[in-house]
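Engineer: got a structure for you, letters missing:
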């Protein structure tokens, strides 16, 4: 692929990402209202899974081809980008209130996933097939709990007389918006990453740095665009749920699938990045617990910390 083609793919990819996110959020929020499912649950399941498609495709392809270190770098880098840039940028755009369920259940579980990943890495410097299968089993339990939460939320709305919240319009249209948006997000993310990788290689950037920066950030563009669109449309629970759900999916589903295909060795740099991810997770959790929200100043601080981390990995 020539440089001009790479730039064209980059531009087209961004257009697909932005329009796909618009359709995806509209369709998902409409389904949430139609079936009286809390936006947080929709964000942590349908939206999070849809925006995690690029990470899944990159990590599984890397594992199948034997480039397992790229799978770890992609997931850890994507989770760092999701946490600090996606949440931070969304908070700058619109102050994010954090619900009680996120503080007591969802965020602690996402931190637990990071601790588990760090512990397994320190124990054997490898994610074995058994570890991958265990991750997938935990993911199934997590998904079942999310479905249970959705049903409970729907029952509560029914008891409160939620008939007025019934969404008008066609359910088929909502489904087409979700599917079409997910497809646009997937291909848009792929085109942005592929175009950026080609340009970076022609500029002499190393494969390792590409994996930690361009691929990780590029595969997280769907989360960034979707959460910012959700925040702009005042779907704040969906914006938060998308990030937390995506980070959980990335560790349990994506690394679990990649490790089940082929064991994943950890490098020393991977352990440092996982430790940084855990530290940033705890810091953001403190922001949420102390103020029950992520404000514009906290969002700006999160983005600034990510820039510092980015400078560090470029220099190391």
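Structural biologist: Sure thing, it's come through. Source: prediction; values computed, not measured.

Engineer: list the buried residues of the strand or helix carrying residue 269.
Structural biologist: Under DSSP states H and E, the secondary-structure element containing residue 269 is helix 268-291. Applying a neighbour-count criterion of 16 or more other C-beta atoms under 10 Å, one finds 269-271, 273-274, 276-278, 280-281, 284-285, 287-288 buried in helix 268-291. (Glycine included, C-beta is placed from N, CA and C.)

Engineer: ok, these vs residue 191, which is closest?
Structural biologist: Among the buried residues of helix 268-291, residue 273 lies closest to residue 191 (C-beta to C-beta), at 26.0 Å.

Engineer: now for the strand or helix carrying residue 222, which elements pack on it?
Structural biologist: Take DSSP H and E as the rule and residue 222 turns out to sit in helix 221-232. With contacts defined as 3 or more C-beta pairs under 8 Å, 6 or more residues apart in numbering; DSSP states H and E, the secondary structure elements packing on helix 221-232 are helix 3-34, helix 48-51, helix 53-64, helix 68-81, helix 87-93, helix 171-202, helix 236-249.

Engineer: so where's the stretch 101-250 of the chain shaky on pLDDT?
Structural biologist: Counting by pLDDT under 70, the stretch 101-250 of the chain has low-confidence residues at 150-151, 153-169, 189, 192-193, 196-197, 200, 205-212, 214-215, 219, 235-238.

Engineer: can we see that at 50?
Structural biologist: Counting by pLDDT under 50, the stretch 101-250 of the chain contains low-confidence ranges at 162-165.

Engineer: residue 266: what's it in contact with?
Structural biologist: Neighbouring residues of residue 266 by C-beta atoms under 8 Å, 6 or more residues apart in numbering: 72, 121, 125-127.

Engineer: and these as JSON lines, adding secondary structure and distance to residue 260?
Structural biologist: As requested, the contacts of residue 266 are arranged in JSON lines below (DSSP: H, G, I helix; E, B strand; the rest coil; distance: C-beta to C-beta, whole Å):
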{"residue": "72", "secondary structure": "helix", "distance to residue 260": "14"}
{"residue": "121", "secondary structure": "helix", "distance to residue 260": "17"}
{"residue": "125", "secondary structure": "coil", "distance to residue 260": "18"}
{"residue": "126", "secondary structure": "strand", "distance to residue 260": "13"}
{"residue": "127", "secondary structure": "strand", "distance to residue 260": "10"}
